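Provided below for reference: sequence and predicted model.
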Amino acid sequence: MAGRMSGTERRAQVLAIAAKEFADHGLHGASTEAIAREAGITQAYIFRMFGTKKALFLELVESAFEAVSSGMREAGEGKGGLDALSAMGARYFDQLADRTGLLLQLQGFAACGDPEVRDAVRACFARMWDTTEDGTGLEPVSVKAFLAFGMLLNAGAAMDVGQVDAEWADGVRTRIQSGLFAHITSETNR
């Protein structure tokens, strides 16, 4: 018989199970009962660990956003301008393979009708904006264009466009090169 899990190990186990549940079903559709059953614990234990279902959801959403922001920050380290943006974009693109993390971010946006979730997601998005702006030194219109393309990539990854044989899906899948952003400045976009 396996030994008992430490509190840290149990927490990590519940977070992994809950991440999949919330990614697939969102804040309101996810079942803490299903999470507890898969983890082999009681729902009450989940609430003792996290307080509320929403608190658990927010921890997961914030973690998913932070993984992207920290990956971008790391990729752009020691670079500036379009070189940093290109490195950040490549890392962002690679991180789309984490389907659970991607869907958690999208579920966070979807749950923004709740003011507490909206505030948390705004803070997460602000960190992503600041990571891009601070790491590249580019002006806001360039940051906006970069993050807008990122949101299109998110939507494409969520729809699994890699499995779609159609011209529009080919367009969504196209890798974005940093040169695309060279002309996007405040001066050219008044």
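Now that the structure is in, tell me what you want to look at. Numbering: from 1, shown residues only.

and stretch 14-22, average pLDDT?
If you average the pLDDT over stretch 14-22, you get 98.

For it, buried residues please.
Residues of stretch 14-22 classed as buried: 14-15, 17-22 (neighbour count, 16 or more other Cβ atoms under 10 Å). For glycine as for every other residue, the C-beta is placed from the backbone atoms N, C-alpha and C.

Tabulate those residues (a markdown table), appending secondary structure and distance to residue 103.
Shown next, in a markdown table, are those (DSSP: H, G, I helix; E, B strand; the rest coil; distance: Cβ to Cβ, whole Å):
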| residue | secondary structure | distance to residue 103 |
| --- | --- | --- |
| 14 | helix | 18 |
| 15 | helix | 15 |
| 17 | helix | 15 |
| 18 | helix | 13 |
| 19 | helix | 9 |
| 20 | helix | 9 |
| 21 | helix | 11 |
| 22 | helix | 8 |
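
Going by distance to residue 34, which of those wins?
residue 21 (6.0 Å; Cβ to Cβ).

what stretches of the protein score poorly on pLDDT?
Scanning the chain for pLDDT under 70 picks out the ranges 1-3, 176-178, 183, 185-190.

Recalculate using a threshold of 50.
For the chain, the stretches flagged by pLDDT under 50 are 1-2.

Just the CA coordinates for stretch 36-45, please, in CSV.
The C-alpha trace of stretch 36-45 is given here as CSV (Å, rounded to 0.1, in the frame of the first residue of the first chain):
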residue,chain,number,x,y,z
ALA,A,36,-12.8,15.0,-4.9
ARG,A,37,-13.8,11.6,-6.2
GLU,A,38,-10.8,11.5,-8.6
ALA,A,39,-8.5,12.6,-5.8
GLY,A,40,-9.9,10.1,-3.4
ILE,A,41,-10.8,12.7,-0.8
THR,A,42,-14.0,14.5,0.4
GLN,A,43,-15.4,17.7,-1.0
ALA,A,44,-15.0,19.1,2.5
TYR,A,45,-11.3,18.5,2.3
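
Tell me how many other residues crowd residue 129.
16 (other Cβ atoms under 10 Å).

That one against residue 143, yeah?
Yes: at 6.2 Å, residue 129 counts as touching residue 143 under the criterion of Cβ atoms under 8 Å.

Check whether the closest residue in space to residue 121 that isn't next to it in sequence sits in a helix, strand or coil.
Leaving aside its chain neighbours, residue 121 sits nearest to residue 108 (4.6 Å; criterion: Cβ to Cβ, 6 or more residues apart in numbering). What DSSP: H, G, I helix; E, B strand; the rest coil gives for residue 108 is helix.

residues contacting residue 108?
Residues in contact with residue 108 (Cβ atoms under 8 Å, 6 or more residues apart in numbering) are 61, 64-65, 117, 120-121, 124.

All the strands of this protein, residue numbers only.
Shown for the chain, no strands are assigned by DSSP state E.
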